[in-house]
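Trainee: sequence first, predicted coordinates after that:
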Amino acid sequence: MKALVYTAPFEMQYRDQDEPGQHAGDVIVDVQAAGICGSDMHAFHGHDPRRNPPLVLGHEVAGICQTGVHAKQAVAINPLISCGQCEYCGQGRFNLCPERTMIGMTRPGAFAEHVAIPERNLFVLPPHMNPVHAALAEPTATAVHALHLAARAAVRPLSEARTAVIGGGAIGLISALLLRAYGASDPLISEPNPLRQTTAARAGMDNLHDPGKSTLSEDRFDLVVDAVGSAVTRSVAISAVRPGGVVLSIGLQESGGELDARKLTLAEISLLGCYTYTPSDFQAALSALANGALGELEWVETHPLSQGARMFGELDKGRVAAAKVVLIP
């Protein structure tokens, strides 16, 4: 089969590749659409010790199941593979399973014509759902899970909260769109890239902030979502949140930096981390996409898988306006 293979930092090759090997309980899915995630870019930069070349990356995927109970059905894939037997799995918190793994990490991913996945990880698509839209279920599930955690920690409902999202990439934009769908009034997006600012505006998000021109006001927001995860954005988030508010960390750009522990303590800030999603989050994400909760999704850009290496390069240089690039085998 043809696949886009991560062969070294800053190097992707479109080449012939062996068919994916199958573990017990696996089925093969013909890939129709696979999105490029920020974690794929992290691997491309050589900064992810969990993703070692040569490796087929890609875990945001929709396609047609070849075999098993769902043969010939259109499906989205939950790429997170858990043991199903530990304490966390028993609680339904599969994302915290200590044995968890993922396609595009320790197993071949979805930047290929075919991918192997446990049958239990398949979600059948609603009738006539666009596979490109279905490939967004994975990042949308991440945002759904994150905002669910934030809602549990917040003093008042999200619909009453003044909210800000740092980062206008896919997760940031989806988080802002979901906040709007949940009734939050005019969520703010802070994004320095003018191309992404334009994309967010076209998606209907008109409360935009350029951190290159001014800083976010201190003590202003009830909820601040850090969809970048850098030392700088963590500092900005702590500064911008109101006393008694919530800072939600989704991004994983880097782990270093200092926190304002004094404000965190004296202002009684809730600082939350979140990782991926549960199956119920994934199903909720698919439903939101199918029901149009995220709008027309005009901020998604598609390219042939054969052009994947070029698109990784364009994303690396910040030349892509789209919040999400989806590759089509």
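Mentor: That came through, no problem. Numbering: from 1, shown residues only.
Trainee: which residues does the closest residue to residue 251 other than its chain neighbours contact?
Mentor: Nearest non-adjacent residue to residue 251, counting by Cβ to Cβ, 6 or more residues apart in numbering: residue 229, 2.7 Å away. Yep, even glycine has a C-beta here, placed from its N, CA and C like the rest. Contact analysis of residue 229 by Cβ atoms under 8 Å, 6 or more residues apart in numbering lists 249-254.
Trainee: gap between residue 229 and residue 182?
Mentor: Remark: distance between residue 229 and residue 182 (Cβ to Cβ, to the nearest Å) = 22 Å.
Trainee: domain ranges for the protein?
Mentor: 2-136+297-328, 142-273 (automatic domain parsing).
Trainee: these into TSV, with extra columns for distance to residue 280 and mean pLDDT?
Mentor: Converted to TSV, the domains of the chain look like this (distance: least, Cβ to Cβ, whole Å; pLDDT from 0 to 100):
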stretch	distance to residue 280	mean pLDDT
domain 2-136+297-328	7	96
domain 142-273	9	95
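Trainee: can I get these in JSON lines including distance to residue 281?
Mentor: Shown next, in JSON lines, are the domains of the chain (distance: least, Cβ to Cβ, whole Å):
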{"stretch": "domain 2-136+297-328", "distance to residue 281": "9"}
{"stretch": "domain 142-273", "distance to residue 281": "4"}
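Trainee: ok, which of those comes nearest residue 282?
Mentor: Nearest of these to residue 282, taken as Cβ to Cβ: domain 2-136+297-328 at 5.1 Å.
Trainee: quick one: contacts for residue 232?
Mentor: Here residue 232 is in contact with residue 257 (Cβ under 8 Å, 6+ apart).
Trainee: assumed it was part of a strand.
Mentor: No: per DSSP: H, G, I helix; E, B strand; the rest coil, residue 232 lies outside any strand segment and is helix.
Trainee: can you start the count at 14 instead of 1 from here on
Mentor: New numbering, starting at 14: the last item is residue 245.
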